[in-house]
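S.K.: quick one, fold the following:
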Amino acid sequence: MPNSPAQARYSITKLQLFPVYATVEDFQKATGNPAPAFDASRAPKLWFDPKAAESPRRNVVYDNVVALGPQGQPLTGPDGKPALEPMLLSREHAATVNIPPRLANVPGANVPEVPVPLRPLNANEEIYLDFGGVMVRDTSVPDESDRSGFTGTDRALLKAIAAKLGL
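M.R.: Presented below is the predicted three-dimensional model:
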């Protein structure tokens, strides 16, 4: 299992399984290949799975993506944290990008992007909503915003003790 960065909070991009290409130029520069023409009948997709085209199956399942609402907003679970869900794509769709033209108002570009698959969370990681979107918290690293030095695990233990003592 990959190690998480040694900081208390970090961007969800650290969990992404594939690079994201904001523009056709970024894609071409990184891969050396031209990007396929934008297909307005499909949602924008700024990443690709290089192994998907070789899959013997017609579809590829990604276990963890951030669940998105109709406007592209992260959906939350019963715990109030962003929900993760599986995603199924055809191998052809998974193997290609669908990058809309930059600075152009083209049909199909204004719908939510296909979410990027994520690696599984480590035992010490949790996701949460912040002003910048979905973020990750490493509960084993003391949070700079909390000068007490207690981790999330410490706090949970203290709350359990207080509850047992009726405090």
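S.K.: C-alpha from now on. contacts and neighbour counts both.
M.R.: Noted.
S.K.: point me to the helix or strand that includes Phe38.
M.R.: Per DSSP states H and E: Phe38 is located in neither a helix nor a strand.
S.K.: I'd say it and Ile99 touch.
M.R.: Yes - judged on Cα atoms under 8 Å, Phe38 makes contact with Ile99 at a distance of 5.7 Å.
S.K.: so what does the strand or helix carrying Val65 touch, helix or strand wise?
M.R.: Assessed by DSSP H and E, Val65 sits inside strand 59-66. Other helices and strands packing on strand 59-66, by 3 or more Cα pairs under 8 Å, 6 or more residues apart in numbering; DSSP states H and E, are strand 84-90, helix 91-94.
S.K.: need the contact partners of it.
M.R.: 52, 74-75, 82-91, 94, 115-120 (Cα atoms under 8 Å, 6 or more residues apart in numbering).
S.K.: who does that strand pair up with?
M.R.: Taking DSSP bridges as the criterion, strand 59-66 sits next to strand 84-90 (antiparallel) in its sheet.
S.K.: mind listing residues that contact the strand it pairs with?
M.R.: Under Cα under 8 Å, 6+ apart, the answer for strand 84-90 is 58-67.
S.K.: got a winner among the residues you listed for most neighbours?
M.R.: Highest neighbour count within the contacts of strand 84-90: Val66, with 23 neighbours (other Cα atoms under 10 Å).
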